[in-house]
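Asks: Build me a structure from this.
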Amino acid sequence: QVQLVESGGGLVQPGGSLRLSCVASGFSLDYYVIGWFRQAPGNQRELVATITSGGSTNYADSVKGRFTISYDNAKNTVYLQMNSLKPEDTAVYYCRAVTVRADGLGYLYWGQGTQVTVSS
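Replies: Numbers count the residues shown, from 1 in each chain. Predicted structure coming up:
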């Protein structure tokens, strides 16, 4: 079964840390661009960070210096280390994997999301 499964969300106080995990099953994340997105109530889903299997990363300005995305190809897992969390980081966090093959066929997968709540 092809799927992405996120975990690691929860309730944390402002200034705290969480590490989210996104495990892929049924396919390899190699040759995919993997991204973390988040969606707060009433807001559109927004990009948080991306990573390629080669290790190139990109971050939203709002999380630069606080969040770190990483990829463990042995575990077929992408992580999002979140430090110095703020109440405005509260959202459901989603993992997405996308690739386009040489023949032009594209594949896109979303996880089910994990809730992150930052509150005192």
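Asks: hmm, what's the outermost residue in this structure?
Replies: For the chain, the largest distance from the centre (C-alpha atoms, centre = their mean) belongs to residue 103, which lies 27.1 Å off.
Asks: residues touching that residue, list them.
Replies: For residue 103, the contact set (C-beta atoms under 8 Å, 6 or more residues apart in numbering) is empty. Any C-beta I mention is one placed from the backbone N, CA and C, and that applies to glycine too.
Asks: Return the distance of it relative to residue 71.
Replies: 25 Å (C-beta to C-beta, to the nearest Å).
Asks: Now do the contacts for residue 95.
Replies: 4, 6, 20, 22, 34, 35, 36, 37, 78, 110, 111.
Asks: Cross-reference those with the helices and report the matches.
Replies: If you go by DSSP state H, the contacts of residue 95 have nothing in helices.
Asks: What remains of the residues you listed if I keep only buried residues?
Replies: Neighbour counting by 16 or more other C-beta atoms under 10 Å classes 4, 6, 20, 22, 34, 35, 36, 37, 78, 110, 111 among the contacts of residue 95 as buried.
Asks: Leaving out the residues flanking it, which one is nearest to the first one?
Replies: This means residue 4. With sequence-adjacent residues excluded and distances taken as C-beta to C-beta, 6 or more residues apart in numbering, residue 4 is closest to residue 111, at 3.8 Å.
Asks: Mind listing what's buried along the helix or strand of the chain with the lowest mean pLDDT?
Replies: Ranked by mean pLDDT, DSSP states H and E, the weakest helix or strand in the chain is strand 106-110, scoring a mean of 93. Using 16+ other C-beta under 10 Å as the test for burial, strand 106-110 gives 109, 110.
Asks: who does it touch, helix- and strand-wise?
Replies: strand 3-7, strand 91-100 (3 or more C-beta pairs under 8 Å, 6 or more residues apart in numbering; DSSP states H and E).
Asks: Mean pLDDT and distance to residue 15 added to these, as a markdown table?
Replies: Listed next are those as a markdown table, based on pLDDT from 0 to 100; distance: least, C-beta to C-beta, whole Å:
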| stretch | mean pLDDT | distance to residue 15 |
| --- | --- | --- |
| strand 3-7 | 96 | 22 |
| strand 91-100 | 96 | 17 |
